[in-house]
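> Let's see this in three dimensions:
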Amino acid sequence: MGLNNKTNRRTFIKNSVLTFAGISIIPRHVLGRGFIAPSDKLNVAVIGGGGKGFSDAVNVWNNGASNIAAICDVDWNMASRAFKKFPKVKKYKDFRKVLDEIKDIDAITVSTPDHTHAVISLAAMQMNKHVYVQKPLTHSIHEARVLTQAANRYKVVTQMGNQGASGSDVQIMIDWFDNGMIGNVSQVHVWTNRPVWPQGIQTPTDKPEMLSGLDWDNWGGPAQWVDYHPLYHPFKWRGWWNFGTGALGDMGCHLIDPPYKVLGLGYPSEVESSVGAIYSKDWVPDYLQNLALLHLGHN
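Model (predicted):
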């Protein structure tokens, strides 16, 4: 991948690769004696500081190897841990203000709900910022193609965060298969306990009180407007197509990726779907709740 021409202190790509989720961003042979001068550090803005966004911020910071220039989260309650970890960092609720106001940002991390991945990442690419975006890359196939084209057009470094994908385990499985240690593979079974959030339920019509510190308008971003409800935020948005991509976008990215790489699979020719369980509450499917009620009734 090529890079845009910026100030000399950011021409590190000449001898290195920008890697957000790894141990280091700039190798020691570039820096000399393990010391990184403040003027040589990458300035990274964190978009989405709660949940996975917090660990992304810590990994990017890497004990001072890079500089966290800003933390942006529409819900400052969710981002409180990141704010505490980086108390001197500028705080935002609108990623657009981050890109407009902090001119020397080199890269951003995007750790937000699925429906805002593409719009945030594309805006950063258009300003020649490098992007690390959590899985799933986008909310739709079209958005993924748009980001791919943008990365090539703007010559920026991009990476999708997919825990396990860059580890040694997948490469070990590839070696096993390539060396004939597994033999012919005709079927692959992948399973997970997800979804564990409410699905197949009615759209809420009540209007509970808005959470303090939450910018609901920015949380919705490009999605069709709905009133705030705890069935959407902070955890259950994956169960609504308006915001999430269900269990496929949650765990499918992790679990289907290894066989895809090991077997050299291409695009599917057909897909069949079925509903295995309905969740009205978190973590326990309705049929187990009903069995528990029947058991209590018999007692």
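> show me where this structure has helices.
With helices called from DSSP state H, the chain shows them at 28-31, 52-61, 80-85, 95-101, 117-126, 141-154, 168-178, 216-220, 246-247, 253-255, 257-263, 286-298.
> Using CSV, please lay out the ones you listed together with mean pLDDT.
Formatted as CSV, the helices of the chain follow (pLDDT from 0 to 100):
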stretch, mean pLDDT
helix 28-31, 46
helix 52-61, 95
helix 80-85, 97
helix 95-101, 97
helix 117-126, 97
helix 141-154, 96
helix 168-178, 94
helix 216-220, 96
helix 246-247, 90
helix 253-255, 92
helix 257-263, 93
helix 286-298, 70
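> Out of those helices, which one sits most buried?
Highest mean neighbour count among these (mean count of other Cβ atoms under 10 Å): helix 117-126, with a mean of 22. Where C-beta positions appear, they are placed from N, C-alpha and C, glycine not excepted.
> For the helices of the chain, give me JSON lines that also has distance to Q202.
Rendered in JSON lines, the data for the helices of the chain read as follows (distance: least, Cβ to Cβ, whole Å):
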{"stretch": "helix 28-31", "distance to Q202": "56"}
{"stretch": "helix 52-61", "distance to Q202": "29"}
{"stretch": "helix 80-85", "distance to Q202": "32"}
{"stretch": "helix 95-101", "distance to Q202": "32"}
{"stretch": "helix 117-126", "distance to Q202": "27"}
{"stretch": "helix 141-154", "distance to Q202": "28"}
{"stretch": "helix 168-178", "distance to Q202": "41"}
{"stretch": "helix 216-220", "distance to Q202": "20"}
{"stretch": "helix 246-247", "distance to Q202": "17"}
{"stretch": "helix 253-255", "distance to Q202": "28"}
{"stretch": "helix 257-263", "distance to Q202": "34"}
{"stretch": "helix 286-298", "distance to Q202": "14"}
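> Nearest to E272, out of those helices?
The closest of the helices of the chain to E272 is helix 246-247. By Cβ to Cβ, the value is 15.3 Å.
> Give me the residues contacting the closest one.
Helix 246-247 is contacted by residues T192, R194, P195, Q199, R238, G239 when judged by Cβ atoms under 8 Å, 6 or more residues apart in numbering.
> what sits opposite the residue nearest the centre of the chain in the beta ladder?
What sits nearest the mean C-alpha location of the chain, by Cα atoms, centre = their mean, is Q134, with 1.9 Å. Under the criterion DSSP bridges, Q134 forms beta bridges with G161.
> what's the span of stretch 56-70, first residue to last?
Across its full length, stretch 56-70 reaches 13 Å end to end, with Cα to Cα, to the nearest Å as the criterion.
> of the contacts of helix 246-247, buried ones?
The neighbour-count test (16 or more other Cβ atoms under 10 Å) marks R194, P195, Q199, R238, G239 as buried among the contacts of helix 246-247.
> As TSV, those residues with distance to D169 and pLDDT would be great.
Formatted as TSV, the buried ones among the contacts of helix 246-247 follow (distance: Cβ to Cβ, whole Å; pLDDT from 0 to 100):
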residue	distance to D169	pLDDT
R194	20	85
P195	25	86
Q199	30	80
R238	25	93
G239	30	91
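> out of those residues, which one sits closest to A45?
Distances from A45 to the buried ones among the contacts of helix 246-247, taken as Cβ to Cβ, are shortest for R238 (24.8 Å).
> Next one: that closest one relative to G49, how far apart?
From R238 across to G49, the span is 19 Å (Cβ to Cβ, to the nearest Å).
> Pretty sure V170 is one of the things P258 touches, is it not?
Yes - P258 is within contact range of V170, at 5.1 Å (criterion: Cβ atoms under 8 Å).
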